[in-house]
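Enquirer: give me the fold of what follows.
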Amino acid sequence: MPRTRTLRPHTERHRTSRIGWLRAAILGADDGIVSVASIMIGVAASAASRDAVLVAGVAGLVAGAGSMAAGEYVSVSSQRDTELADIARERREQLVSPEHELEELTQIYMDRGLDEDLAHRVAVQMHEADPLGSHLRDELGITDISRARPIQAALVSALSFSVAGLVPILVMLASPRSARVAVLAATGLVMLAILGAIGGRLGGAPRGRAALRVVLGGGIAMAATALIGGLVGAAV
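Expert: Next comes the predicted model:
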């Protein structure tokens with residue numbers, strides 16, 4: 001009797017399952033640090049009072065968290081709407097012309113390197129097992145991992161923005177007036193470096209490079225608001 005091949009269970013750990021929430025979390029935290037710290041730096045550079053800086057920071061935190069949640073929900077919902085439209089269209093096409101859909105899937109596998117006979121046999125088996133899923137995955141690139149999740153993106157981005165944006169406010173409360181701008185800037189840059197390194201680690205990218213690009217972008221934003229705040233304060 002031919003020996004039955006026993007396949008070992010798949011145990012490799014991949015990071016693609018984190019793409020949806022990780023993108024929203026990193027974006028929200030980065031925006032929370034940069035936005036809140038920059039606003040407070042700009043107001044502090046204008047020689048405003050401690051209360052004015054605090055109000056600006058809290059307002060930026062609340063408004064930014066709401067903006068992040070709404071923006072993520074709207075943008076990811078648009079992606080989800082497109083996915084649903086493609087899924088509905090694919091479902092109709094399989095009902096109207098299943099033979100054409102089978103040929104289409106066969107051609108996809110041929111383009112990936114299979115010969116025509118093997119590609120056809122694979123397409124037939126895939127159609128028998130999961131006709132809609134096979135087309136969504138192999139024709140449209142839609143999988144459960146890559147599906148758009150608007151509510152998840154909105155909640156994660158708002159939460160990460162709030163947590164990250166709260167730190168500059170707490171730091172400002174403990175900083176002396178003379179060193180307020182410098183302490184806020186230093187804290188923001190350190191937080192951005194840590195955030196970039198964490199994002200790189202979770203995503204499997206080089207941590208140093210990820211940290212550097214986040215720090216550069218945030219540093220430019222903080223420097224720009226400090227300059228504008230100083231100019232406005234001098235003019236007023």
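Enquirer: pretty sure residue 66 sits against residue 158.
Expert: Yes. Contact criterion Cβ atoms under 8 Å: residue 66 and residue 158 qualify, at 7.3 Å. C-beta here means a position set from N, CA and C on the backbone, and glycine is covered the same way.
Enquirer: for the two, indicate the residue with more neighbours.
Expert: Neighbour count, other Cβ atoms under 10 Å: between residue 66 and residue 158, residue 158 has more, with 23 against 13.
Enquirer: report the contact partners of the more buried one.
Expert: 28, 65-66, 68-69, 72 (Cβ atoms under 8 Å, 6 or more residues apart in numbering).
Enquirer: just put the residues you listed in TSV and tack on distance to residue 163.
Expert: What follows is the contacts of residue 158, written out as TSV (distance: Cβ to Cβ, whole Å):
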residue	distance to residue 163
28	9
65	10
66	15
68	12
69	14
72	16
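Enquirer: buried subset of those?
Expert: 28, 65, 68-69, 72 (16 or more other Cβ atoms under 10 Å).
Enquirer: now the helix or strand of the chain with the lowest mean pLDDT: buried residues?
Expert: Least confident helix or strand, the chain: helix 131-138 with a mean of 78, by mean pLDDT, DSSP states H and E. By neighbour count with 16+ other Cβ under 10 Å, helix 131-138 contains the buried residues 131, 134-136, 138.
Enquirer: try stretch 159-177
Expert: For stretch 159-177, using 16+ other Cβ under 10 Å, the buried residues are 159-162, 164-169, 171-172, 175.
Enquirer: could you identify the most distant pair in those?
Expert: Distance extremes for the buried residues of stretch 159-177: the farthest pair is 159 and 175 at 25.5 Å, using Cβ to Cβ.
Enquirer: state the mean pLDDT of the helix ranked longest in the chain.
Expert: Secondary structure of the chain per DSSP state H: the longest helix is helix 50-96. The pLDDT scores in helix 50-96 average 88.
Enquirer: that helix: what's the following helix or strand?
Expert: helix 98-111 (DSSP states H and E).
Enquirer: give me the helices and strands touching whatever helix or strand comes next after that next one, please.
Expert: As assigned by DSSP H and E, the chain's next helix or strand after helix 98-111 is helix 116-129. Contacting helix 116-129 under the criterion 3 or more Cβ pairs under 8 Å, 6 or more residues apart in numbering; DSSP states H and E are the following elements: helix 98-111, helix 131-138.
Enquirer: between those helices, which gets nearest to residue 82?
Expert: Closest among the helices and strands packed on helix 116-129, once you apply Cβ to Cβ, is helix 131-138, at 12.7 Å.
Enquirer: any chance of the buried residues of stretch 159-177 in a markdown table, with secondary structure and pLDDT too?
Expert: Formatted as a markdown table, the buried residues of stretch 159-177 follow (DSSP: H, G, I helix; E, B strand; the rest coil; pLDDT from 0 to 100):
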| residue | secondary structure | pLDDT |
| --- | --- | --- |
| 159 | helix | 93 |
| 160 | helix | 92 |
| 161 | helix | 94 |
| 162 | helix | 94 |
| 164 | helix | 92 |
| 165 | helix | 92 |
| 166 | helix | 94 |
| 167 | helix | 93 |
| 168 | helix | 92 |
| 169 | helix | 93 |
| 171 | helix | 91 |
| 172 | helix | 89 |
| 175 | coil | 85 |
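Enquirer: what is the nearest of the residues you listed to residue 211?
Expert: Looking across the buried residues of stretch 159-177 and measuring by Cβ to Cβ, the closest to residue 211 is residue 164, at 14.9 Å.
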